[in-house]
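**Q** attaching a predicted model along with its sequence, questions to come.
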Amino acid sequence: MKKILIILVLILGVQAFAGEIHPCMNSNDALKLLQEGNERYMNMQFQRPHINKEILDELGKGQHPFAVIISCSDSRVPLEHIFDAGLGDLFEIKNAGNLIDDHVVGSVEYALSHLGTKLVVVMGHTSCGCISTAIEHPKHQTKQVHSLIDSVKPSIELAKKQKGDFNMNITRNNAVRGARLLAKQDKIIYEYIKNHEVVVIPALYDIKTGKVEFYTKDKINSSTMSQTYFAQ
Ligand SMILES: [Zn+2]
């Protein structure tokens, strides 16, 4: 009897997980999961959810990540750790400086259209090498590195008019700008936001404290879809 109960609990447990990894979760619940995971990470109290053989098997049938995260390639920004997330949870798009280009936009569009994800986070981080390179703007860089630098330029120009820490302002501007560019550059993403189906949130990760600050007042949702929204 005890054996049967254990087997039953295991089966139900797997089914519960299966439900969790195919959530089509709304943006509020997805944001809450990220915040709770980050809290656990800061306290080093990991749950390491969704990491077992059954989940591997389940994910062989498909994926429904609950959040898309665009972040820097920096080795100090490991997303599954930072959000204490597991297999199939996060759709990750990484490049130096968490910049927005056609490949990034196309990847986000894919996640929203085909995987049903409702939350997109564009996350910069402190001490970003791409940002400091763009500030120093050294000559004799390759064309490819110059293209990274050029993408950060508008955020630098804006920071020149802002009070506070220059580097931090650029990093924040870059994340906010990235969130806006997604809707500006892609009609499908724009429509998802306009129809209240998707929310885009800029964020900043502090590599020393481990804390992720979500700029929810800069949240890109249907109510911010005005002309001023694209001002930066
Ligand atoms: Zn970086």
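**A** That came through fine.

**Q** and S27, how far is that from the ion?
**A** The gap separating S27 from the ion is 25 Å, by CB to the ion, to the nearest Å. C-betas here are computed from N, CA, C, even on glycine.

**Q** check L181 too.
**A** L181 is 17 Å from the ion, by CB to the ion.

**Q** quick one: average pLDDT of the helix or strand hosting that residue?
**A** Here L181 sits within helix 166-185, counting by DSSP states H and E. Averaged over helix 166-185, pLDDT sits at 95.

**Q** roughly how far is it from the heart of the chain?
**A** Remark: helix 166-185 is offset 13 Å from the chain centroid, using CA atoms, centre = their mean, to the nearest Å.

**Q** what of stretch 205-224?
**A** Relative to the centre of its chain, stretch 205-224 is centred 10 Å away, using CA atoms, centre = their mean.

**Q** can you tell me which helix or strand of this protein has the lowest average pLDDT?
**A** helix 2-20 (a mean of 43; mean pLDDT, DSSP states H and E).

**Q** which helices and strands sit right next to the helix or strand just after that helix?
**A** Downstream of helix 2-20, the next assigned helix or strand under DSSP H and E is helix 27-42. Counting contacts by 3 or more CB pairs under 8 Å, 6 or more residues apart in numbering; DSSP states H and E, helix 27-42 is packed against strand 67-72, helix 79-82, strand 119-125, strand 199-205, strand 212-214.

**Q** hmm, who's touching stretch 181-191?
**A** 100, 102, 105, 108-109, 112-113, 120, 122, 193, 198, 200, 220, 225, 229-230 (CB atoms under 8 Å, 6 or more residues apart in numbering).

**Q** which of these count as buried?
**A** Among the contacts of stretch 181-191, the ones that count as buried by 16 or more other CB atoms under 10 Å are 100, 105, 108-109, 112, 120, 122, 193, 198, 200, 220.

**Q** between those residues, which is nearest S71?
**A** Nearest to S71 out of the buried ones among the contacts of stretch 181-191 is V122 (CB to CB; 8.0 Å).

**Q** now do the contacts for that closest one.
**A** 70, 98, 100, 175-176, 178-179, 182, 200-203.

**Q** centroid-nearest residue for the protein?
**A** In the chain, the centroid-proximal residue (CA atoms, centre = their mean) is I69; its distance is 1.9 Å.

**Q** who's the residue nearest to it when sequence neighbours are not counted bridged to?
**A** Nearest residue to I69, sequence neighbours excluded (CB to CB, 6 or more residues apart in numbering): V121, at 4.8 Å. V121 has these beta-bridge partners by DSSP bridges: I69, I201.
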